[in-house]
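In: Below are the sequence and a predicted model for it; my questions follow.
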Amino acid sequence: MTSSLRLGVNIDHVATVRNARGGRHPDPVRAAQAAVAAGADGITAHLREDRRHIRDDDIARLRSEISAPLNLEMAATSEMLRIALQTAPHAVCLVPEKREERTTEGGLDVVGQIEQLRPIIGELSAAHIRVSLFIEPSEAAIHAAVSLGAPVVELHTGTWCEAIGGISGARAADEFERLKTASRLGRELGLEIHAGHGLDYVTAEAISALPEIAELNIGHFLIGEAIFGGMDAAIKRMQAAMQLGRDLVREPA
Ligand SMILES: CC(=O)[C@@H](O)[C@H](O)COP(=O)(O)O
Ligand SMILES: NCC(=O)COP(=O)(O)O
């Protein structure tokens, strides 16, 4: 993989296709194994409260059948905490959920929910599960993550990706500046910085040019690409895009 930049492949939407017919095909675990064989550094799966795609059995099988680290995305609830402690994945990423949302719409309200989050983070950390907080790229969220003792944050890139696709270049530039500022501040304060949501080949290359970012989690676009050209080709092309971006990083003199 690229120099100190990992690719986590989110296989949620293989389960979306599977659930369309209520059967077992396509199997998200088989997709995860193919992603790892293609060079993915980890697998991410979002066990939503409504189980619209990934289901409990998928998480159990991913935990036992894949060789790469499993990053379980989940809401900060007692039900999900119980499942995480029972499953013991490599990592948990706490994400916000609204039942009516089509997909994740933003970062966790780490500032407003700091007291609700603290005990959940404590229990996960005590179980030696690496905790990541899915947050907006804001200075306030970075400081809240540090005060909560989470070692990792994943910066929400969805707003920037949408802006890139829009007509306002200025909004996209502003959003990228937020990501740049948040990643620099987070690294200065000792956090490991990840990024994800809505990334494609173009935006993955661009975000990889931020040297503080250690991991990208990419799902929907990659699974879509795999439909046309296969998982191996999609992942190899994504890794090439990430490497192009990372090569722009000028090593400190
Ligand atoms: C947290 C995040 O950005 C993604 O993992 C996203 O949640 C994928 O799951 P959905 O497509 O169900 O939102
Ligand atoms: N946390 C981001 C993730 O896992 C994948 O998001 P997306 O690429 O499916 O939008």
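Out: That came through fine. Ligands and ions are numbered 1, 2, ... in the order given.

In: Where does A84 sit: helix, strand or coil?
Out: Under DSSP: H, G, I helix; E, B strand; the rest coil, A84 falls in the helix class.

In: going forward, begin numbering at 28 instead of 1
Out: Fine by me, first position is 28 from now on; the one you just mentioned is A111.

In: list the contacts for it?
Out: L99, M101, V119, L151, A154, I156 (Cβ atoms under 8 Å, 6 or more residues apart in numbering). All C-beta atoms are positioned from the backbone trio N, CA, C, and that covers glycine.

In: can you do 10 Å?
Out: Residues in contact with A111, defined by Cβ atoms under 10 Å, 6 or more residues apart in numbering, are 74, 86, 99, 101, 118-119, 121, 147, 150-151, 154, 156, 158.

In: Can I get the buried part of those residues as one PyMOL selection?
Out: Buried subset of the contacts of A111, written as a PyMOL selection, criterion 16 or more other Cβ atoms under 10 Å:
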select buried, resi 74+86+99+101+118+119+121+147+151+156+158
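
In: okay, the contacts of A111 in TSV with secondary structure, distance to N37 and pLDDT next?
Out: Listed next are the contacts of A111 as TSV, based on DSSP: H, G, I helix; E, B strand; the rest coil; distance: Cβ to Cβ, whole Å; pLDDT from 0 to 100:
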residue	secondary structure	distance to N37	pLDDT
L74	coil	12	98
I86	helix	13	98
L99	strand	11	98
M101	strand	13	98
A118	strand	13	98
V119	strand	14	98
L121	strand	15	98
I147	helix	21	98
E150	helix	24	98
L151	helix	20	98
A154	coil	23	98
I156	coil	18	98
V158	strand	18	98
